[in-house]
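> Build me a model:
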Amino acid sequence: RFTGLAAFLAGAAISIYYRRRANLQGGRVSSREERPWIYAMRSIGGLFLWLSALVYFIQPAWIAWASLPFPLWLRGVGAAMGVLSVPLIAWVFRSLGHNVTPTIVTRREHTLVTSGPYRYVRHPLYTAGMLSFTGIFLLSANVLILVGLGLTLPFLALRTPYEEARLIERFGDQYRDYMQRTGRYLPRLKKAAG
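Below is the predicted model of the structure:
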């Protein structure tokens, strides 16, 4: 449990640091242009997910009633996934720099990032988050965290096309070409020649 907590806190600290830095360097952006119902449901699901994870790490007895009988090896896999997500989260935020925003709105000085993990995947921050919280679910073996994932992930998937439409508005054919080379959440498999 302590390994998972350390990974969770490290990922949160990286996110907070880079988001704060981006707001200081690039100015704040508004969430008003995001679809209100997607933003609301993603926020509610995300809050539920974060709170259930924190309760598990701080006072697991409070949610022990929702435990699943996972074998120790599967819980170990979850801990490893959480630990592996930390360098991925750091790589994503470092690559994004001041471009990171909490909404689908781009910053005034936004640039198209196609290096680092963005060389392979268009939304690696979502991938890193899925890896981290899936790891926490497996480690905790707790239904509440699975419910949080179930509330959050569909709305991230619904949000992605709107986000990509905004990026096409901003970067045009450059973003369309980038979409052809990369996968949305996972690297695109290369087609066999011939």
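
> okay, the closest residue to L144 other than its chain neighbours: pLDDT?
Distance criterion Cβ to Cβ, 6 or more residues apart in numbering; nearest residue to L144, sequence neighbours excluded, is S52 at 4.2 Å. All C-beta spots, glycine's among them, are computed from the backbone N, C-alpha and C. As predicted, S52 sits at a pLDDT of 94.

> on contacts alone, who are the packing partners of the top helix by length along the chain?
Across the chain, the longest stretch assigned as helix under DSSP state H is helix 143-171. Secondary-structure packing of helix 143-171 (3 or more Cβ pairs under 8 Å, 6 or more residues apart in numbering; DSSP states H and E): helix 36-58, helix 124-140, helix 173-181.

> Pick the most buried one from these.
Stretch with highest mean neighbour count among those: helix 124-140 (a mean of 24; mean count of other Cβ atoms under 10 Å).

> who does it touch, helix- and strand-wise?
Secondary-structure packing of helix 124-140 (3+ Cβ pairs under 8 Å, 6+ apart): helix 2-26, helix 36-58, helix 72-96, helix 143-171.

> what's the distance between the nearest residue to F155 once chain neighbours are set aside and A141?
Using Cβ to Cβ, 6+ apart and skipping the chain neighbours, the partner closest in space to F155 is R42 (4.0 Å). Distance from R42 to A141, counting by Cβ to Cβ, to the nearest Å: 25 Å.

> Same question for P117.
Taking Cβ to Cβ, one finds P117 at 29 Å from A141.

> higher neighbour count, those two?
A side-by-side neighbour count of P117 and A141, using other Cβ atoms under 10 Å, places P117 first with 22 against 19.

> ok, now which ones touch the nearest residue to the more buried one once chain neighbours are set aside?
Among residues not flanking P117 along the chain, P124 sits closest, at 3.8 Å (Cβ to Cβ, 6+ apart). Under the criterion of Cβ atoms under 8 Å, 6 or more residues apart in numbering, the contact list for P124 reads L88, W91, V92, G116, P117, Y118.

> Low-confidence ranges, the chain, go.
Scanning the chain for pLDDT under 70 picks out the ranges 26-39, 103-107, 191-194.

> at 50 instead, please
192-194 (pLDDT under 50).

> My understanding was that I14 contacts P87; is that so?
No. Counting by Cβ atoms under 8 Å, P87 is not a contact partner of I14; they are 9.6 Å apart.

> who has more neighbours, the two?
Neighbours per residue, other Cβ under 10 Å: of I14 and P87, the larger number sits with I14, 19 against 13.

> From F137, how far out is that one?
Taking Cβ to Cβ as the measure, I14 and F137 are separated by 20 Å.

> Also L144?
9 Å.

> one step back: mind putting the helices and strands packed on helix 143-171 in a markdown table, distance to R159 included?
Below are the helices and strands packed on helix 143-171 laid out as a markdown table (distance: least, Cβ to Cβ, whole Å):
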| stretch | distance to R159 |
| --- | --- |
| helix 36-58 | 5 |
| helix 124-140 | 9 |
| helix 173-181 | 16 |
